[in-house]
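# requesting a structural model of the entry that follows:
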Amino acid sequence: MDSNEPHHAWHVINYIAAAPRRSDMIRRAVDDYNRRHPADDGRPALDLFAPTFVEAVKRDGAVRLVERPLTFHYIFLRGDLRHLKDFCTTVPGCSFVLSHLGVTSGRYLTVSDAEMASFRIIARAYGNRLPYLPAAEAGLVKGDEVEVVSGPFAGLRGTFMSRRGTSDGHVVIAVDQALATIAYDIKSDNIRILRFSPDSRRAYDQLDAYLPRLLAAYSRSQSEPLEQSEQSDIRSNSNNSNSSTSSHNSNSSSSSTNSNRLLPPELLAPIITFVRRFGRTETTHLKIDAKLQALLLASATLLGDEETGRRASDRLARALPGVTNPATLALIHLLRAYADSPADPTLSPHLTAGRTLLPRLTPAPGASTSAARRILLTAYSRL
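Reported below is the predicted structural model:
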């Protein structure tokens, strides 16, 4: 066996058929090979995944999948390397695709089981078709590592490409320069962030965009405090990973006697979505992680989600020593004050500590300041 070549891995095979019905031909060839060469454990020697690769073309604002039979030739075969080599030498039109990932990856391009699972999810959603992303575009993909948690692409993991002007986007799975595929039009509410993009600005933008919604929810909850039974209703919703705005509406209507005291769906849904999207996000950037965990702590407190709250509190304690920016520290103190005393954050010593930082944040007369800082200063002025 070749050095560094994975045993029983999914290999990417270039298959150029002599006839148009290539999928039927390759399936017959694999079935015939498995009959003649049974594996040692009695299972088929080779497993085949042969989707139709298509090109995505935008027409009139809509994405259409167009087959290019003379351009995309890949199939996927899994089996012992000796069987794969034997198959490729005996079946006309088959050849290995070489890897460009370095010496340690092996000579031939392979796909991990996790990547193959994502490929199958996309192909299933598109009728056994895989949208092919050209190497030039795949190399430019930069975004958060995500998992789709609901909808037809549930279970898919890849890189999230947000669409300009919207929080929705596409999910890309790139194996190497030679192979990448994409799932189009994924709703942001249907994903959770596994790891932030190396581009820290995008992470800041996402966290800053959420803060006003969280503050609005706390403002409403303080004006109309929630009873214990109402907190249980909210916690039940927050623990349902597939909850939607419609379920929040039904929750509110089912508690009609207290509906004016429950957080309305437009305030509750963004908080549940945030906890679901970012509750397990990893990042090596201490300032981003501290800010994220403070937001999660305050959100989990409002939802009554004790597990997420404990996890966020522990991670915040680890990340906080690396934070020196006064604006970030003031925000963290504010959010910890809400978590300490949701009904009246002025009772928390964290609010006092945060106020001591405000003179360093207040702009000079006529000087401009960021929207995030204005929101922070306004929040303190209202308490």
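# mind exporting stretch 148-163 as PDB, just the C-alpha atoms?
Output in PDB follows, covering the C-alpha atoms of stretch 148-163 (Å, rounded to 0.1, in the frame of the first residue of the first chain):
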ATOM      1  CA  VAL A 148     -27.100  23.600   9.300                       C
ATOM      2  CA  VAL A 149     -29.400  22.600  12.100                       C
ATOM      3  CA  SER A 150     -32.800  22.600  10.300                       C
ATOM      4  CA  GLY A 151     -34.300  22.600   6.900                       C
ATOM      5  CA  PRO A 152     -33.500  20.300   3.900                       C
ATOM      6  CA  PHE A 153     -29.800  20.700   4.500                       C
ATOM      7  CA  ALA A 154     -29.800  19.800   8.200                       C
ATOM      8  CA  GLY A 155     -26.500  18.200   9.200                       C
ATOM      9  CA  LEU A 156     -24.500  20.000   6.500                       C
ATOM     10  CA  ARG A 157     -21.200  21.400   7.700                       C
ATOM     11  CA  GLY A 158     -19.100  23.900   5.800                       C
ATOM     12  CA  THR A 159     -18.100  27.500   5.300                       C
ATOM     13  CA  PHE A 160     -20.900  30.100   5.400                       C
ATOM     14  CA  MET A 161     -20.800  32.800   2.700                       C
ATOM     15  CA  SER A 162     -23.200  35.600   3.600                       C
ATOM     16  CA  ARG A 163     -25.100  37.300   0.800                       C
END
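# can you give me how far that stretch is from the chain middle?
Distance of stretch 148-163 from the chain centroid (C-alpha atoms, centre = their mean, to the nearest Å) equals 6 Å.
# contacting residues around it?
For stretch 148-163, the external contacting residues (C-beta atoms under 8 Å, 6 or more residues apart in numbering) are 114, 117-118, 121-122, 125, 141-147, 168-174, 182-183, 186-194, 202, 241-242, 276. (Each C-beta comes from the backbone N, C-alpha and C, glycine too.)
# in the stretch 101-250 of the chain, which spans are strands?
110-111, 129-131, 144-148, 157-162, 169-176, 179-186, 191-195 (DSSP state E, counting those that start in this stretch).
# save those strands as CSV, and put in distance to residue 9, mean neighbour count and mean pLDDT too.
Listed next are the strands of the stretch 101-250 of the chain as CSV, based on distance: least, C-beta to C-beta, whole Å; neighbours: other C-beta atoms under 10 Å; pLDDT from 0 to 100:
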stretch, distance to residue 9, mean neighbour count, mean pLDDT
strand 110-111, 4, 22, 90
strand 129-131, 19, 22, 89
strand 144-148, 22, 21, 92
strand 157-162, 18, 21, 88
strand 169-176, 12, 22, 84
strand 179-186, 14, 22, 86
strand 191-195, 23, 20, 93
